[in-house]
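[1] Using only what follows, build the 3D model:
(one chain, ligands or ions: 1)
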Amino acid sequence: MLTIRNLSKTYANGVHALNDVTLDIPRGMFGLLGPNGAGKSSLMRTLATLQEADSGTATLEGADGASIDVLRDKDAVRRQLGYLPQDFGVYPKVSAEDLLEHFAVLKGLTVRKQRREVVDGLLKQVNLWDARKRKLGTYSGGMRQRFGIAQALLGNPRLVIVDEPTAGLDPEERNRFLNLLAEIGENVAVILSTHIVEDVTDLCPTMAIMNKGQVLLTGKPNEAIAALNNQVWRKQVSKATLPDYESRHTVLSTRLVAGYPVIHVFSSDLPEEGFVQVDPDLEDVYFQRLRLQAKPAMQAQA
Ligand code: ADP
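    Next comes the predicted model:
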């Protein structure tokens, strides 16, 4: 659906935000996971035709089967694109209904009756129908993000890009928002960029992990998790001994459980007495890839 090949971008300040990024993004939800500064927004903005890459290609399969050169044929991409940027701002004094109507006009929905149907349908779809007359300034974070999805879905896009949409949402709003994303049509590719591992675990059949401008892994979450079977070990330790464990083992993550650090260690054998083997999860995959990039010597161990 969307084919990205060898995309690179260096900003004027010398930061290599994208370093030879190659990805195949199919229909459905695609999770792009990476820490802050990984290059996710740079990639999203490039695909959304808002900034230029230095080299590489991106090709979108159009509705008619024709392929669109994303980096060159920007107007054609924009007709197929819905975008919810990281810093989506709304006019606080305008109602959701009026602003969506305004965006619809900008999208080219010039026939009034048809536009009304689309706007009403979207407000219902994102569950804001009852709040449609309220000023956007009175909306909660979750409601604003759902409004953001409504505007992104105007014009029936085939490619929907949402950049860090769940940051700052409480668990209930986050769930509601993710469920809404999951319901977007079958013939649409939705790229969800996030630094929250659960966002990807919960709803993305395919994913990529990115850091420092590079793609560290791409594929199906369950396959990446299965590849770590029998290699993740857990132990509760004391705060005082934690640095010692970190120097002797490949510690993937440290979590406080009832006030004590519980570590996950990556190792093909029992690391030492007191560790128990655990079923790996996507968080283990994520941290293992990030560690591997930071310390390539780990590869020998893997
Ligand atoms: P993410 O979305 O994963 O947090 P970004 O794409 O925003 O990552 O940033 C990747 C890197 O590029 C970071 O080091 C960031 O500071 C840098 N960066 C992003 N935008 C610009 C810009 N316009 N000019 C210079 N550096 C930038």
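[2] CA only for contacts and neighbour counts going forward, please
    Noted.
[3] Next up, the contacts around the residue lying closest to residue 212 once chain neighbours are set aside.
    Leaving aside its sequence neighbours, residue 212 sits nearest to residue 38 (CA to CA, 6 or more residues apart in numbering; 4.7 Å). Counting by CA atoms under 8 Å, 6 or more residues apart in numbering, residue 38 makes contact with 17, 210-214.
[4] Can you lay out those as JSON lines showing neighbour count, secondary structure and pLDDT?
    Shown next, in JSON lines, are those (neighbours: other CA atoms under 10 Å; DSSP: H, G, I helix; E, B strand; the rest coil; pLDDT from 0 to 100):
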{"residue": "17", "neighbour count": "22", "secondary structure": "strand", "pLDDT": "97"}
{"residue": "210", "neighbour count": "25", "secondary structure": "strand", "pLDDT": "97"}
{"residue": "211", "neighbour count": "22", "secondary structure": "strand", "pLDDT": "97"}
{"residue": "212", "neighbour count": "20", "secondary structure": "coil", "pLDDT": "96"}
{"residue": "213", "neighbour count": "24", "secondary structure": "coil", "pLDDT": "97"}
{"residue": "214", "neighbour count": "22", "secondary structure": "strand", "pLDDT": "97"}
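[5] Of these, just say which sits nearest to the ligand.
    Distance to the ligand across the contacts of residue 38 (CA to the nearest ligand atom) is lowest for residue 17, with 4.4 Å.
[6] Let me know the distance separating that closest one from residue 215.
    Noted for residue 17: a distance of 11 Å to residue 215, by CA to CA, to the nearest Å.
[7] restrict the contacts of residue 38 to contacts with the ligand.
    Residues of the contacts of residue 38 in contact with the ligand (CA under 6 Å from any ligand atom): residue 17.
[8] and the two most separated of the contacts of residue 38?
    Maximum pairwise distance among these (CA to CA): 10.7 Å, between 17 and 210.
[9] list the residues that contact both of the two?
    The contact sets of residue 17 and residue 210 overlap at 38-39 (CA under 8 Å, 6+ apart).
[10] For residue 132, list the residues it contacts.
    Counting by CA under 8 Å, 6+ apart, residue 132 touches 95-97, 123.
[11] Now go through the residues you listed and say which are in strands.
    In strands, defined here by DSSP state E, there are no members of the contacts of residue 132.
[12] Mind checking which of the residues you listed are buried?
    The neighbour count (16 or more other CA atoms under 10 Å) marks 95-97, 123 as buried among the contacts of residue 132.
[13] Residue 85 versus the spatially most central residue of the chain, what's the distance?
    Geometric centre of the chain, nearest residue: residue 193, 1.8 Å, by CA atoms, centre = their mean. Distance of residue 193 to residue 85, given as CA to CA: 10 Å.
[14] where do the contact lists of those two overlap?
    Between them, residue 193 and residue 85 share these contacting residues under CA under 8 Å, 6+ apart: 161-164.
[15] What subset of the residues you listed is buried?
    Neighbour-count burial (16+ other CA under 10 Å) applied to the shared contacts of residue 193 and residue 85 gives 161-164.
[16] Which member of those is positioned nearest residue 140?
    Within those, proximity to residue 140 (CA to CA) peaks at residue 164, which comes in at 16.6 Å.
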